[in-house]
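Any chance you can model this:
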Amino acid sequence: MVSFYPSQLSSRNASAFTRFVRWSSRAAGSPYAFAAAVSVVALWIITGPVFGFSDTWQLVINTGTTIVTFLMVFAIQASQNRDSEAIQVKLDELIRSIEGARNTLLDLEELEEVEIERLRKKYRELAAHARDVGAAGSPPAPT
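Numbering: from 1, shown residues only. The predicted structure follows:
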């Protein structure tokens, strides 16, 4: 069994990029970030008449939003990748630790789409069968 000491899993050991991605993901999703974005857009709209709604005035907001969007795509993707991998490890541990579970489902995310679809179909059939058997002799499941 692998054991981890709390210091091995702390954010102090994370790379600078991982720490930045965590921080930026949390910051971008906060109400303060939303308020800041609304304020920037409002300020831009208010300054429109001052600059005569010029091409430069429009270019400022277009360039700013493009840069922020471009950078946030990578930060969000990195955060999602890390979260997905962590969830997969947790699910793998649950499958591994439950007696009677199919260990062949470990690392399922590494299979090709065709193989995953084949397994998905098999589990749909198992679920339909379980519902049919349940409907025939057991009390209804809570809703």
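
other SSEs contacting the lengthiest helix in the chain?
Longest helix of the chain, by residue count under DSSP state H: helix 55-97. Other helices and strands packing on helix 55-97, by 3 or more CB pairs under 8 Å, 6 or more residues apart in numbering; DSSP states H and E, are helix 16-28, helix 31-47. Quick note: C-beta positions are derived from backbone N, CA and C, even for glycine.

domains for the protein, by residue range?
What automatic domain parsing lists as the domains of the chain is 15-103, 111-143.

deepest of those domains, which one?
Comparing those by mean neighbour count (mean count of other CB atoms under 10 Å), domain 15-103 comes out on top with a mean of 12.

what's the span of that one, first residue to last?
32 Å (CA to CA, to the nearest Å).

just to revisit the earlier point, what's the mean pLDDT across the longest helix of the chain?
Throughout helix 55-97, pLDDT has a mean value of 91.

can you give me the offset of the helix or strand that it is followed by from its chain's centre?
Going down the chain from helix 55-97, the next helix or strand is helix 113-137, by DSSP states H and E. On the basis of CA atoms, centre = their mean, to the nearest Å, helix 113-137 is displaced by 27 Å from the centre of the chain it belongs to.
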